[in-house]
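Engineer: build me a model from this:
(chains A and B)
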Amino acid sequence: MAKGIRRRRSALLTALTGIVLIYSLVPLVWLVLNATKTQEGLFSSFGLWFDDGRFALGDNIRQTLTYDDGIFLRWLGNTLLYVVAGAGGATLLAVLAGYGLATYDFPGRRGVFATVIGAVAVPGTALAVPTFLMFSRLGLTDTPWAVIVPSLISPFGLYLMWTFTREAVPAEIIEAARMDGASELRTFYRIAVPMLAPGIVTVLLFSMVATWNNYFLPLIMLRDPDWYPLTLGLSAWNAQAATAGGQPVFHLVITGSLLTVLPLLAAFLLLQRYWQSGLAAGSVKQ
Amino acid sequence: MAGTRRRRSWAGWQFVAPFVAVFAFVFLAPIGYSIHLSLYRTRLIGGTSFAGLDNYRQALGDPNFWSALGRVSLFLAVQVPIMLFLALLVALAIDSGRLHGKAFFRVAIFLPYAVPAVVATLMWGFMYGSRFGLIGGLNDALGLSLPDPLSPGLILASIGNIVTWEFVGYNMLIFYSALRVVPASLYESAEIDGAGQFRIVTAIKLPALRGALVIATIFSIIGSFQLFNEPSILQKLAPNAITTHFTPNLYAYALSFSGQQYNYAAAVAIVMGVITMVIAYAVQLRGTKER
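Structural biologist: Reported below is the predicted structural model:
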């Protein structure tokens, strides 16, 4: 959009980039096509086309939602809980802290910034085991808290909100609000929050993806399938075929995968105007 | 860091304190606890005793650890350049303004990022499989005998393909966002000077992408060294090709949760964390040095 000149379109370049496009979309097409097949159909028909004559999508969805007393819906509910509390909380904390770091000078500011940015490079591995042991001492494992609390920290979100505030909220406006006698918090939510909206949507979306897709953390923290998120549940259904005496339910794994993916794809497509401008603003300063 | 906009006061803490408190609880405390754990050993008889650096010494002499580290290093050396190069090409193509339907390209290639690693791995795993997979289907339909992507010799490449699929669009978007910031006037004056497209790419666009490239590389290094989800899920579909010490992360997981060797697992994780940070820091230094 930064370009003033309108350029000639190139069919060759479009075709070449189209190869990457096809690569990106083929697995998703495969997922949609195979969610329409029965378990036998999966084995007997070609992967990238429908199964002749049998269209079992509705039946598969029904089975996915009712299998094992409707455990899939329970997992969906858990995932929503983790996303709302975890990603919502992470966004709130990141927006507050990013705004605070960008607008105020306070004792310890540099220390906070350096510690958080340094923490980005700490691999999850180094944290996972001790976090599990710590939480198990506190009696938090196998509860929703074990998944929600660690999700509350997003160093990337903090960084994005920090750069975004510096770009989008002029210091003079904050100063003017203060002159008028507005409190610090009031200045924040009446004046800064509306200006930060694209950045907030971006951080929220990316935290949503992170919590919705989280696998490692719940895998370590949860034993009870009643608290599983969708990712862990699908993995358990998949593993069922490999265990002795287990009943293979590949058609449910595939249909469940489709149902798991759709909400996030929809969110990204519907909100693309916001997150694309949010990301662009975040990349100005590097 | 010219953002110090006003007098120093404690007022900023009311915004930063909630984040810092949770951060201390879920980041700093586990790191401290991890270091503590790594310095002890637990025996069935005799209980827990101070071990000094024994766990670290053991990790550095552990062939399982080194083979896992070697595997993710190979992964890093091959998969990351391919993925970033591909992302760069797509970002340049979309930014060139010469594509038909560039908005569609941008969003569609990014979409896999929104797919959970679990689902991505299951989809690719099924497609790789010879039972109802595409490979099996192609072999039957065309009379080919394509090699099995889930065999021990190809499994790392197959995982590389899954990770590339997941993140090529994400990296493309980082590059594309950085390119959009380049002022249009720069291109106009370059064209007036008679610079061709290739020259514009090498003289203007690539230098503008430097910061984004460094960031994307660092994230990819961290991601490669942390590799866990994809091999962990593929293990169910290819149990013979993926060992319990396939990657350092899988190894630390197996040590703690199958072997109950928490102290040793903590040491392995810390060694891995230090290696990751050193390499990420070195890349950052190199990337920002020659300005």
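Engineer: where exactly do the strands run in chain B?
Structural biologist: Taking DSSP state E as the criterion, chain B carries its strands at B:40-43, B:47-50.
Engineer: a markdown table please, covering those and showing distance to residue B:155, mean neighbour count and mean pLDDT.
Structural biologist: Glycine gets a C-beta too; all of them are placed from N, C-alpha and C. Compiled in a markdown table, the strands of chain B are given as follows (distance: least, Cβ to Cβ, whole Å; neighbours: other Cβ atoms under 10 Å in any protein chain shown; pLDDT from 0 to 100):
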| stretch | distance to residue B:155 | mean neighbour count | mean pLDDT |
| --- | --- | --- | --- |
| strand B:40-43 | 34 | 15 | 84 |
| strand B:47-50 | 38 | 9 | 82 |
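Engineer: tell me which of these sits nearest to residue A:194.
Structural biologist: With Cβ to Cβ as the measure, strand B:40-43 is the member of these nearest residue A:194 (52.4 Å).
Engineer: can you give the contact residues for that closest one?
Structural biologist: Outside strand B:40-43, the residues within contact range by Cβ atoms under 8 Å, 6 or more residues apart in numbering or on different chains are B:48, B:49, B:50, B:51, B:54, B:55, B:262, B:263, B:264.
Engineer: just to revisit the earlier point, and residue A:89, which of the strands of chain B is closest to it?
Structural biologist: Nearest to residue A:89 among these is strand B:40-43 (33.7 Å), distances taken as Cβ to Cβ.
Engineer: pull the distance from the closest one to the chain's centre.
Structural biologist: In this view, strand B:40-43 has its centroid 33 Å away from the chain centroid, taken as Cα atoms, centre = their mean, to the nearest Å.
Engineer: that older thread, save the strands of chain B as JSON lines, and put in distance to residue B:239 too.
Structural biologist: As requested, those are exported to JSON lines (distance: least, Cβ to Cβ, whole Å):
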{"stretch": "strand B:40-43", "distance to residue B:239": "30"}
{"stretch": "strand B:47-50", "distance to residue B:239": "34"}
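Engineer: where exactly do the helices run in the stretch 101-250 of chain A?
Structural biologist: A:109-120, A:124-137, A:144-151, A:155-168, A:171-179, A:184-187, A:193-195, A:197-212, A:216-221, A:230-240, A:250-270 (DSSP state H, counting those that start in this stretch).
Engineer: which one's the longest helix in chain B?
Structural biologist: If you go by DSSP state H, chain B has its longest helix at helix B:63-95.
Engineer: got the buried residues for that helix?
Structural biologist: Judged by neighbour count (16 or more other Cβ atoms under 10 Å in any protein chain shown), helix B:63-95 contains these buried residues: B:64-65, B:68-69, B:71-72, B:75-76, B:79-80, B:83-84, B:86-95.
Engineer: mind checking the end-to-end distance for stretch A:118-131?
Structural biologist: By Cα to Cα, to the nearest Å, the extent of stretch A:118-131 from end to end equals 18 Å.
Engineer: quick one: which of the strands of chain B is nearest residue A:106?
Structural biologist: Distances from residue A:106 to each of these were compared using Cβ to Cβ; the shortest belongs to strand B:40-43, at 38.2 Å.
Engineer: quick one: average pLDDT of the longest helix of chain B?
Structural biologist: Average pLDDT, helix B:63-95: 95.
Engineer: what packs against that helix?
Structural biologist: Applying 3 or more Cβ pairs under 8 Å, 6 or more residues apart in numbering or on different chains; DSSP states H and E, one finds that helix B:63-95 makes contact with helix A:11-34, helix B:102-110, helix B:155-180, helix B:210-225, helix B:248-257, helix B:262-289.
Engineer: including mean pLDDT, could the ones you listed go into TSV?
Structural biologist: As requested, the helices and strands packed on helix B:63-95 are exported to TSV (pLDDT from 0 to 100):
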stretch	mean pLDDT
helix A:11-34	93
helix B:102-110	91
helix B:155-180	93
helix B:210-225	89
helix B:248-257	90
helix B:262-289	86
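Engineer: now tabulate those in a markdown table and tack on distance to residue A:170 and mean neighbour count.
Structural biologist: Putting the helices and strands packed on helix B:63-95 into a markdown table (distance: least, Cβ to Cβ, whole Å; neighbours: other Cβ atoms under 10 Å in any protein chain shown) gives the following:
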| stretch | distance to residue A:170 | mean neighbour count |
| --- | --- | --- |
| helix A:11-34 | 39 | 17 |
| helix B:102-110 | 30 | 18 |
| helix B:155-180 | 22 | 23 |
| helix B:210-225 | 24 | 20 |
| helix B:248-257 | 44 | 24 |
| helix B:262-289 | 28 | 19 |
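Engineer: okay if I get the ones you listed as CSV plus distance to residue B:14?
Structural biologist: Putting the helices and strands packed on helix B:63-95 into CSV (distance: least, Cβ to Cβ, whole Å) gives the following:
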stretch, distance to residue B:14
helix A:11-34, 44
helix B:102-110, 37
helix B:155-180, 32
helix B:210-225, 30
helix B:248-257, 38
helix B:262-289, 32
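Engineer: among those helices, which is nearest residue A:178?
Structural biologist: Of all those, it is helix B:155-180 that lies closest to residue A:178, at 32.9 Å by Cβ to Cβ.
Engineer: that closest one vs helix B:210-225, what angle?
Structural biologist: Computed with axes from the mean of the first three to the mean of the last three Cα atoms, to 10 degrees, the direction of helix B:155-180 lies at 160 degrees from that of helix B:210-225.
Engineer: helix B:155-180 and chain A, are they touching?
Structural biologist: Yes - Helix B:155-180 comes into contact with chain A (Cβ under 8 Å from any Cβ of the partner chain), by way of B:165, B:168, B:169, B:173, B:174, B:177, B:178, B:180.
Engineer: which residue sits closest to the fourth one, ignoring its sequence neighbours?
Structural biologist: The spatial neighbour of residue B:173 that comes closest, neighbours along the chain excluded (Cβ to Cβ, 6 or more residues apart in numbering or on different chains), is residue B:110 at 5.4 Å.
Engineer: quick check: that neighbour touching residue B:171?
Structural biologist: No - judged on Cβ atoms under 8 Å, residue B:110 makes no contact with residue B:171 at a distance of 9.8 Å.
Engineer: contact partners for the nearest residue to residue B:123 once chain neighbours are set aside?
Structural biologist: Taking Cβ to Cβ, 6+ apart as the measure, residue B:123 lies nearest to residue A:27, with 4.8 Å between them; neighbours along the chain are not counted. With contacts defined as Cβ under 8 Å, 6+ apart, the neighbours of residue A:27 are B:112, B:120, B:123, B:124, B:127, B:165.
Engineer: also residue A:252?
Structural biologist: By Cβ under 8 Å, 6+ apart, residue A:252 lies in contact with A:60, A:63, A:64, A:67, A:237.
Engineer: I'd guess residue A:52 is in a helix, am I close?
Structural biologist: No - the assignment for residue A:52, made by DSSP: H, G, I helix; E, B strand; the rest coil, is coil rather than a helix.
Engineer: and stretch A:67-81, what's buried?
Structural biologist: Of the residues in stretch A:67-81, those scored as buried under the neighbour-count criterion (16+ other Cβ under 10 Å) are A:67, A:71, A:72, A:74, A:75, A:76, A:78, A:79, A:81.
Engineer: how much space separates the fifth one from residue A:258?
Structural biologist: By that I understand residue A:75. Computed as Cβ to Cβ, to the nearest Å, the residue A:75 to residue A:258 distance reads 14 Å.
Engineer: next: the fourth one.
Structural biologist: Residue A:74 sits 18 Å away from residue A:258 when distances are taken as Cβ to Cβ.
Engineer: and the last one, by the same measure?
Structural biologist: Spatial separation of residue A:81 from residue A:258 under the definition Cβ to Cβ is 22 Å.
Engineer: for the second one, same thing?
Structural biologist: From residue A:71 over to residue A:258 the distance is 17 Å, taken as Cβ to Cβ.
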